[in-house]
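Chemist: Dropping the sequence and predicted coords here.
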Amino acid sequence: MQISPCEEFVRRLSWHNASQSDEQLREYLILALLRSRACITLQSEELQYLYIANLPAVWPVPTEGDPNDENIFGHELGEELHRRKQAVVQSGQGERIEINAAGDRVFEFNMEVTTSRARERQVLTTIVDLTETRRREKLLRDLLMEVSHRSKNLLAVVLSLATQSARDVSSLDEFQTDFRGRLYSLSKSQDLVTDADWYGAGLLDLIKGQISVEALRVRPELQFFGDDVVLTPNAALHLGLGFHELLAGASGGGEEDHHRRLRVSCRLPQAGSAGMAELEWSEALSDGLQAGAGGQASGADQRFSSVLLRKVIPAALSGRSEYRKDEGGVFYRIVFPVSEQNVRKN
């Protein structure tokens, strides 16, 4: 036998203090209902409205005449609800639908047949505002799609690094050394981007990060001048790999320590004007240290570095570059547009 909503309420109410009257309890429940953003309506078996509580503002209760589905919800939605409620009365089976209203609002309608204390059949409709829930679900879907997209891009970069590192190497050890270094470089740049919630990475942090992951016998003395720009994730990953190649290409293989001096500068166009950013990297080496000495400066490594620094990075940033390496040191200059693809605007 079907029980009434009042009987169901009494059954599910765990406990209440005997000093609390029904009137007080009713006030608390109404307050909870208002804060829950849920609406409850009760109609007779003939679908005449008996009770309406907390109706969403998009559907005002008419000030004149008795309310009905059409004058509350409008002609089209009112007819649809009326038809579905008649089906619920006839079948005794509840029904649930979602309705879009007022442009971007989403509501869930749950319609079911209940029985009053007088054993009269009634239609109880619960309306729940799902707007924020659906908005969060969409945000999560978009986030997962973005993560999937970025993961595929990152895997493509790793595959390319592995393929390029394997070309023309003379031994497995050489491949492992080159590929491991490039993978660590990519990982460090990725950490900086992830820590900033994929907003980007500061240029100075990116340089210091690449210096920290390099297995250098002597770490260069860094001097930084100019604008510490915030790079987009794409620009940060590409420039991070470029910085790795510049540091590795200038590292020495000798047993003795040598002094390394690294100077990096970045200049942005004047505020309010569109233009190009100019980044210069210059590492001067002492007489005892030759650029390119050691295993990381093999012929294959030099070809990889040259292609990356002269072609790949400028193409990724829609810019142009200049790269030189000789006995005196390493010089790299890249000019790229200050665009939303490369630089974050503060």
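Modeler: Sure thing, it's come through.
Chemist: Just the mean pLDDT for stretch 78-93, thanks.
Modeler: For stretch 78-93, the mean pLDDT works out to 94.
Chemist: how close does Arg26 sit to Ala32?
Modeler: To Ala32, Arg26 is 11 Å away according to C-beta to C-beta, to the nearest Å. (C-beta placed from N, C-alpha, C; glycine too.)
Chemist: For the helix or strand that contains Ala315, name the packing helices and strands.
Modeler: Using DSSP states H and E, Ala315 sits within helix 313-317. Identification of packing neighbours for helix 313-317 by 3 or more C-beta pairs under 8 Å, 6 or more residues apart in numbering; DSSP states H and E yields helix 233-249, strand 320-326, strand 329-337.
Chemist: Identify whichever of those lies nearest to Ile97.
Modeler: helix 233-249 (41.6 Å; C-beta to C-beta).
Chemist: what's the angle from the closest one to strand 320-326?
Modeler: Inter-element angle recorded for helix 233-249 and strand 320-326: 10 degrees (by axes from the mean of the first three to the mean of the last three C-alpha atoms, to 10 degrees).
Chemist: Which elements pack onto the helix or strand encompassing Arg261?
Modeler: Here Arg261, judged by DSSP H and E, is contained in strand 260-267. Judged by 3+ C-beta pairs under 8 Å, 6+ apart, the packing partners of strand 260-267 are helix 203-213, strand 221-226, strand 276-285.
Chemist: Include distance to Lys85 and mean neighbour count when you put the ones you listed into CSV, please.
Modeler: Output for the helices and strands packed on strand 260-267, formatted as CSV (distance: least, C-beta to C-beta, whole Å; neighbours: other C-beta atoms under 10 Å):
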stretch, distance to Lys85, mean neighbour count
helix 203-213, 61, 19
strand 221-226, 70, 13
strand 276-285, 64, 20
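Chemist: okay, these in CSV with distance to Arg310 and mean pLDDT next?
Modeler: Listed next are the helices and strands packed on strand 260-267 as CSV, based on distance: least, C-beta to C-beta, whole Å; pLDDT from 0 to 100:
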stretch, distance to Arg310, mean pLDDT
helix 203-213, 19, 91
strand 221-226, 23, 92
strand 276-285, 13, 90
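Chemist: got JSON lines for the ones you listed, with distance to Thr114 too?
Modeler: Output for these, formatted as JSON lines (distance: least, C-beta to C-beta, whole Å):
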{"stretch": "helix 203-213", "distance to Thr114": "62"}
{"stretch": "strand 221-226", "distance to Thr114": "72"}
{"stretch": "strand 276-285", "distance to Thr114": "68"}
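Chemist: wait, which of those is closest to Leu239?
Modeler: That would be helix 203-213 among the helices and strands packed on strand 260-267, by C-beta to C-beta, at 6.5 Å.
Chemist: Which SSE is immediately downstream of the helix or strand Glu76 falls within?
Modeler: Taking DSSP H and E as the definition, Glu76 sits inside helix 75-91. Downstream of helix 75-91, the first helix or strand assigned by DSSP H and E is strand 95-101.
Chemist: Following element in sequence after that following strand, please.
Modeler: strand 105-115.
Chemist: how far is that following strand from where the chain is centred?
Modeler: Distance of strand 105-115 from the chain centroid (C-alpha atoms, centre = their mean, to the nearest Å) equals 34 Å.
Chemist: do stretch 314-329 as well
Modeler: Mean C-alpha position of stretch 314-329 versus that of the full chain (C-alpha atoms, centre = their mean) differs by 32 Å.
Chemist: With only the CA atoms kept, save it in CSV.
Modeler: What follows is stretch 314-329, C-alpha atoms only, in CSV (Å, rounded to 0.1, in the frame of the first residue of the first chain):
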residue,chain,number,x,y,z
PRO,A,314,61.3,30.1,-34.6
ALA,A,315,58.5,28.2,-36.4
ALA,A,316,56.7,27.4,-33.2
LEU,A,317,56.9,31.1,-32.1
SER,A,318,56.4,32.6,-35.6
GLY,A,319,59.7,34.4,-35.3
ARG,A,320,63.3,34.3,-36.6
SER,A,321,66.6,33.4,-35.0
GLU,A,322,70.3,33.6,-35.2
TYR,A,323,72.6,30.9,-33.8
ARG,A,324,76.4,30.9,-33.5
LYS,A,325,78.8,28.6,-31.7
ASP,A,326,82.6,28.8,-31.7
GLU,A,327,85.7,28.7,-29.5
GLY,A,328,84.6,31.9,-27.7
GLY,A,329,81.2,30.7,-26.7
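Chemist: how about the helices in the stretch 51-200 of the chain?
Modeler: 69-73, 75-91, 131-166, 172-195 (DSSP state H, counting those that start in this stretch).
Chemist: Centre of the chain to the shortest one, how far?
Modeler: Relative to the mean C-alpha coordinate of its chain, helix 69-73 is positioned 41 Å out (C-alpha atoms, centre = their mean).
Chemist: Flag every buried residue along that helix.
Modeler: Across helix 69-73, burial judged by 16 or more other C-beta atoms under 10 Å covers 69, 71-73.
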